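A.B. asks: dropping the sequence and predicted coords here.
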There are 2 protein chains.
Amino acid sequence: MKYYLTGTIILNKDITTHKIKVLEYLKQAENDILKKLKDLDEINYRSEYELKNGSSIRMKINTHKRSAHMIFYRIRKSLAEYLGKNLHIGIKSLEIEFLRIIFQLEKLPQDPLTIPFVKKLEFDDEEKTCLIELDNVDKRFITQGNVERIIKRIKEKIDLSYYEGKAEYHKLIYKSPKREIKIKSDPTTEMVNLNWISPASTKGKWIYWAPATNIFYTMEKIVVEEVLKPLGFNEMINSNIVSGEDVWIKTGHLEGMPMEIYYVAEPKTRNVKDWEPFIDLVKITQEIPYDEFMKMIQLKPLKGLVYAQCPSIYWALKGKTIANDSFPILLFEKTTNSFRYESGGRHGIERVDEFHRIEVVFIGEPKDLLELQKEILDKYKYIFNEILEIEWRMASVTPFYMQQAGDIFREGVEEGQLGTLDYEAWLPYRGTRDESEWLEFQNLSIVGEKYVKAFNLKHQKNKLIWSGCTGIGLERWVAVFLAQHGFNIDDWPKNFRKFLPKMPDQLKFL
Amino acid sequence: MKYYLTGTIILNKDITTHKIKVLEYLKQAENDILKKLKDLDEINYRSEYELKNGSSIRMKINTHKRSAHMIFYRIRKSLAEYLGKNLHIGIKSLEIEFLRIIFQLEKLPQDPLTIPFVKKLEFDDEEKTCLIELDNVDKRFITQGNVERIIKRIKEKIDLSYYEGKAEYHKLIYKSPKREIKIKSDPTTEMVNLNWISPASTKGKWIYWAPATNIFYTMEKIVVEEVLKPLGFNEMINSNIVSGEDVWIKTGHLEGMPMEIYYVAEPKTRNVKDWEPFIDLVKITQEIPYDEFMKMIQLKPLKGLVYAQCPSIYWALKGKTIANDSFPILLFEKTTNSFRYESGGRHGIERVDEFHRIEVVFIGEPKDLLELQKEILDKYKYIFNEILEIEWRMASVTPFYMQQAGDIFREGVEEGQLGTLDYEAWLPYRGTRDESEWLEFQNLSIVGEKYVKAFNLKHQKNKLIWSGCTGIGLERWVAVFLAQHGFNIDDWPKNFRKFLPKMPDQLKFL
């Protein structure tokens, strides 16, 4: 890794008369930094400096391995002390006019690659290196670590191009008994025909009439009574609106899935007088005056609708030190609705823009979470085999090398214990057991310290804590159940009927 | 009412050679329209016309009472037939270059008044008239009825200025027994101190931890088991996102409370490649790049979060002819969350930007609804007096003259039967019974044909149908209950305890 930097330290006074002293202090400041670097020999540090316009010091720094911009920034700090103490001169600002970095790559890019802030981007195929050049870099850009994240992002983009199109990891862990086929039709189409559901007023969403609603709430009841209450989970209610700055930047949602989020805009003001032109236009034309509308709303700070409930749950615990006897923390949330922007129009209920999900979060010591995971797995198995009587399977979808990343490594875990388990069910209308695509209808994850660290959660006794979650999508449970059992309540499993003895009357339309 | 119009009918051919014939047809067309007007004498119709530029006919029309622009539009229609049939000439377009209307007012404006589309607006204090002038009015503007709605809006604005600051109508109908005061503190402050609730990540919203959540769901259970199930209501699930064009234009929300709505923005595309610049910037800076963000989202068509659930319920039934035996239609919705933009920061749970509401809607013949209303009133009374044991009162807040508007007039109803009833409760921390402002914690309305007509709902046997609704805000029920009973479960009423025998453990933070 090689760095070439040209930067300027701008002082708040003309220092022509102090020129020699100032350059001496600069030398001292430089030495302060360099003597702290243990690997100085390898760094191959070279610098030159000159006084410009009476009040600026221009520096050129070349280094290997250690970043020239961080050294430059530290020299400035040290110099500031000397100048302040001895000459009562302050440093006004620091600017890096030019920064070139050449770094080693493991793989070369397969396609042209773009990256913001970088003025020049070159790859050397023989040396397997990347050269970047930036200009006019300010202090904040350096201290926030943006330069390092540029390099990381370039490597990540190269890696991504190699992963694209590769099959996902999928290791079967359990397969339920086979079930007899009762029906082969798409539950969404059937439900529309039966007037159990109908399209909502905006794209990709459904209205559920009484019969569908009763099935949904029966599924919810089964989860609460068979899994959550017996295992001691407590319910909480979160907000359906999530802050981008406070929550999604930290969880990575804004970099991972910004194209799937439903965002929220607020009125710029609640003052009815300010809204009068908008109201006048609506009243007179009975149409929406979009130009006026755009003037009246604000999208900053960024916020959006719940994508999955867990980020907000972790955020709600941010920075807290939690009492020993509150562990393991066992929470669930089922009040907020989840939203994901899907491409195209309205799909079946298994792929909707708005859905109803029970989010179950557990936080505690690794051994307790692995124990709890076993109990949850058993409860799910019981529900799917003995209550819903569906044909399903379970697979580990987190490659073992990813499970071993970081802290998870230490605990000596087995396949399927860490990372994510997917539950999949057969939808007979899609084709045969062996050839059709099964539906992922829920999952269960233990994610180690990822969110605990992101939101700085602490154990009273400073113990290592992990977290995990399992999200139950009611739409998908219902889709699987109806796809396998059909629409006649008499055909439904006996144990399920205990939770839903009779279906409600449906409105009849002519 | 006086109209002065100058307009042009533009033809698709030069008609210089057919000039005489064309003017004859115009005369005929004019006569066609005029002879249909029974009150022709009073209209004082005058017109003149001339051929211009070979292919345009300019007309001037002055009328009283009947709108000149509608007559002009009809003349054009009739003329089009004559010209097409006899000369194979078509009409390209119609333009009103100038339209002046003078109309009578009941009251004169108290303050200056603005109105869009109007180039000149004058009031004659002596004559008590208003003069408006418009120019360049197109066909669509006329046929959509916008001119008439301009006049209506002017009168409405004048009326509003007289209502402002007047006390609202409030007629007491019931007063519960007095209750002993147990506590005088604000439940929100207490709950924050107890860690039962904490602020959510965006303005004006709360997170409810297990103890608060359990009280909320207990309230919900009481409503479902004591009111909704016994009366035969069925549950439905609606979408949390509402279309502006399809729903709120029809219900009047976009003209009534646009400044209180939380709007929703969608990604312009779900294509990750298009989002790459946004993602790069987030990854590198760990900040939100708002300029890039604004390019990636769309706000058209306008949509927003549920304000109250009932508009979507009516929309879901729009245009339907409903079977005789489905009446009365008894529905409730408690899955979507409601949002209202409040001014300022975070208030107590009785005034939140996001709240949890059970919406109960009933549609049917007037006699059935009035019967049902009595039953609901009794159930509520039982709950408030025997289960929650709160001090409350009920008031009619719809003035009798408004109840009599339109269809409601015929049914010979009594005070409190139509319009809205507010339920209010004493919050001891706000002051004495007599001097403090009581909290409106729910209401019950019968609104006649308003929504049934707006969404064109029909009875199989063509019977007159009305609708009504009652919205139960769980935050307010909880605020009232805790403000009167405090936070010690042992102090809570015996019948309430049957629904909530014990409180869950709360997480402990250090």
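C.D. replies: Happy to help now that I have it.
A.B. asks: residue boundaries of the helices in the stretch 201-350 of chain A?
C.D. replies: Applying DSSP state H, counting those that start in this stretch to the stretch 201-350 of chain A gives helices spanning A:210-223, A:249-251, A:253-256, A:276-285, A:290-296, A:310-316.
A.B. asks: may I see the ones you listed organised as a markdown table, with mean neighbour count and distance to chain B added?
C.D. replies: (Each C-beta comes from the backbone N, C-alpha and C, glycine too.) Shown next, in a markdown table, are the helices of the stretch 201-350 of chain A (neighbours: other C-beta atoms under 10 Å in any protein chain shown; distance: least, C-beta to the nearest C-beta, whole Å):
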| stretch | mean neighbour count | distance to chain B |
| --- | --- | --- |
| helix A:210-223 | 21 | 4 |
| helix A:249-251 | 20 | 6 |
| helix A:253-256 | 20 | 5 |
| helix A:276-285 | 21 | 5 |
| helix A:290-296 | 14 | 6 |
| helix A:310-316 | 24 | 5 |
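A.B. asks: any regions of chain A where pLDDT drops low?
C.D. replies: For chain A, the stretches with pLDDT under 70 are A:345, A:399-417.
A.B. asks: so which of the helices of the stretch 201-350 of chain A gets nearest A:Phe384?
C.D. replies: The minimum distance between A:Phe384 and the helices of the stretch 201-350 of chain A falls on helix A:210-223, with 10.4 Å, by C-beta to C-beta.
A.B. asks: what's next to the closest one, contact-wise?
C.D. replies: A:191, A:194, A:196-197, A:208, A:334, A:356, A:358, A:383, A:387-388, A:472, A:474, A:477-478, A:481-482, A:496, A:499-500, A:503-507, B:234-237, B:331, B:335 (C-beta atoms under 8 Å, 6 or more residues apart in numbering or on different chains).
A.B. asks: at 7 Å instead, please
C.D. replies: A:191, A:196-197, A:208, A:334, A:356, A:358, A:383, A:387, A:472, A:474, A:477-478, A:499-500, A:503-504, A:506, B:234-237 (C-beta atoms under 7 Å, 6 or more residues apart in numbering or on different chains).
A.B. asks: how about whatever residue of the stretch 401-510 of chain A ends up closest to chain B, nearest residue that isn't a chain neighbour?
C.D. replies: Residue nearest to chain B within the stretch 401-510 of chain A (C-beta to the nearest C-beta): A:Lys508, separated by 3.7 Å. In space, and not counting its chain neighbours, A:Lys508 is closest to B:Ala323: 3.7 Å by C-beta to C-beta, 6 or more residues apart in numbering or on different chains.
A.B. asks: strands of the stretch 51-200 of chain A, residue ranges please.
C.D. replies: A:56-64, A:91-104, A:120-124, A:129-138, A:171-175, A:197-199 (DSSP state E, counting those that start in this stretch).
A.B. asks: strand partners (parallel or antiparallel) of the second one?
C.D. replies: Looking back up the chat, that one is strand A:91-104. Strand A:91-104 has the following sheet partners, assigned by DSSP bridges: strand A:2-11 (antiparallel), strand A:129-138 (antiparallel).
A.B. asks: please point out which parts of the first one sit buried.
C.D. replies: Which is strand A:2-11. When burial is assessed from 16 or more other C-beta atoms under 10 Å in any protein chain shown, strand A:2-11 yields the following buried residues: A:2-9, A:11.
A.B. asks: how far away is A:Ala454 from B:Glu342?
C.D. replies: Using C-beta to C-beta, to the nearest Å, A:Ala454 is found at 31 Å from B:Glu342.
A.B. asks: what of A:Met394?
C.D. replies: 46 Å.
A.B. asks: quick one: which of those two has more around it?
C.D. replies: A:Met394 (23 against 16; other C-beta atoms under 10 Å in any protein chain shown).
A.B. asks: is that one bridged to anything, and to what?
C.D. replies: In beta-bridge terms (that is, DSSP bridges), A:Met394 pairs with A:Tyr174, A:Tyr423.
A.B. asks: that one reaches A:Trp438, doesn't it?
C.D. replies: No. A:Met394 lies out of contact with A:Trp438 (C-beta atoms under 7 Å); the separation is 11.0 Å.
A.B. asks: burial check on the residue nearest to A:Lys508, number of neighbours?
C.D. replies: Neighbours of B:Ala323 (other C-beta under 10 Å): 14.
A.B. asks: same question, the one 10 residues further on
C.D. replies: Using other C-beta under 10 Å, the number of residues around B:Glu333 comes to 23.
A.B. asks: ok, the one 4 residues further on next?
C.D. replies: Each residue near B:Asn337 was counted by other C-beta under 10 Å, and the total is 22.
A.B. asks: so who does the closest residue to it other than its chain neighbours touch?
C.D. replies: The shortest distance from B:Asn337 to any non-neighbouring residue, by C-beta to C-beta, 6+ apart, is to A:Asn240 (5.1 Å). By C-beta under 7 Å, 6+ apart, the contact list for A:Asn240 reads A:305-306, A:336-337, B:337, B:354.
A.B. asks: from those residues, pick the one nearest B:Tyr263.
C.D. replies: Closest to B:Tyr263, out of all of the contacts of A:Asn240 and judged by C-beta to C-beta, is A:Leu305, at 11.6 Å.
A.B. asks: what number of residues are in the vicinity of the closest one?
C.D. replies: By other C-beta under 10 Å, neighbour count at A:Leu305 equals 25.
A.B. asks: that one against A:Ala265, yeah?
C.D. replies: No. Between A:Leu305 and A:Ala265 there is no contact under C-beta under 7 Å: 11.6 Å.
A.B. asks: from the stretch 251-400 of chain A, which residue is nearest to chain B?
C.D. replies: For the stretch 251-400 of chain A, C-beta to the nearest C-beta, closest residue to chain B: A:Ala323, 3.7 Å.
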